[in-house]
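J.: Here's my sequence, what's the structure:
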Amino acid sequence: EVKLVESGGGLVQTGESLRLSCATSGFLFQDYAIGWFRQAPGKEREAVLCISTSDGTTYYQDSVKGRFTISSDNAKNTVYLQMNSLKPDDTAVYFCAADLVLPYCHETESTYGYWGQGTQVTVSS
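T.: The predicted model follows:
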């Protein structure tokens, strides 16, 4: 059974950092695309960043460039989202999702077949 479990969210102040983890299990951590999405209150869920074994890292939000980075640890089957210089606009529930069929980054939610439960990130001003 494929599972994705996010952790690392919390309440921080503007300018602080958080590192989110997406721990995966149930599949070979060899061919994948794993994306980070977020959903702010009252807004639709949006793609933030993605990492894949085929095409590396893709950013979907200009607002996080220079502040957020994505990485993977193959030994731990885990993908990380390092978030620096956090802003109140980053407040959202953050989800990781995996596409194990076509290991290329893409923005469309429906192509990701597996999702975590989400972790809340709140940035106070």
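
J.: if we look at stretch 14-28, which residues are touching it?
T.: Here stretch 14-28 makes contact (CB atoms under 8 Å, 6 or more residues apart in numbering) with 1-10, 12, 34, 36, 76-88, 94, 96, 98, 100, 116, 119, 121, 123-125. The way it works is simple: take the backbone N, C-alpha and C, and place the C-beta from them, glycine included.

J.: swap the cut-off to 6 Å and go again
T.: Stretch 14-28 has contacts (CB atoms under 6 Å, 6 or more residues apart in numbering) with 1-8, 12, 77-86, 94, 96, 100, 125.

J.: what's the answer for stretch 44-64, then?
T.: For stretch 44-64, contacts defined as CB under 6 Å, 6+ apart pick out 31-39, 65, 70, 72, 103-105, 107.

J.: hmm, which of the residues you listed are the buried ones?
T.: Among the contacts of stretch 44-64, those scoring as buried are 32, 33, 34, 35, 36, 37, 38, 70, 72, 103, 105 (criterion: 16 or more other CB atoms under 10 Å).

J.: What's the local residue count around the residue lying closest to the second one once chain neighbours are set aside?
T.: Computed as CB to CB, 6 or more residues apart in numbering, the closest residue to residue 33 that is not its neighbour in sequence is residue 52, at 3.7 Å. By the measure other CB atoms under 10 Å, the count of residues near residue 52 is 21.

J.: Kindly report the same for the one 5 residues further on.
T.: For residue 57, the tally of surrounding residues (other CB under 10 Å) stands at 13.

J.: Can you name the residues bridging to it?
T.: Beta-bridge pairing of residue 57 under DSSP bridges involves residue 51.

J.: Where in the chain is the helix or strand with the lowest mean pLDDT?
T.: One helix or strand of the chain scores below all others by mean pLDDT, DSSP states H and E: strand 56-59, with a mean of 93.
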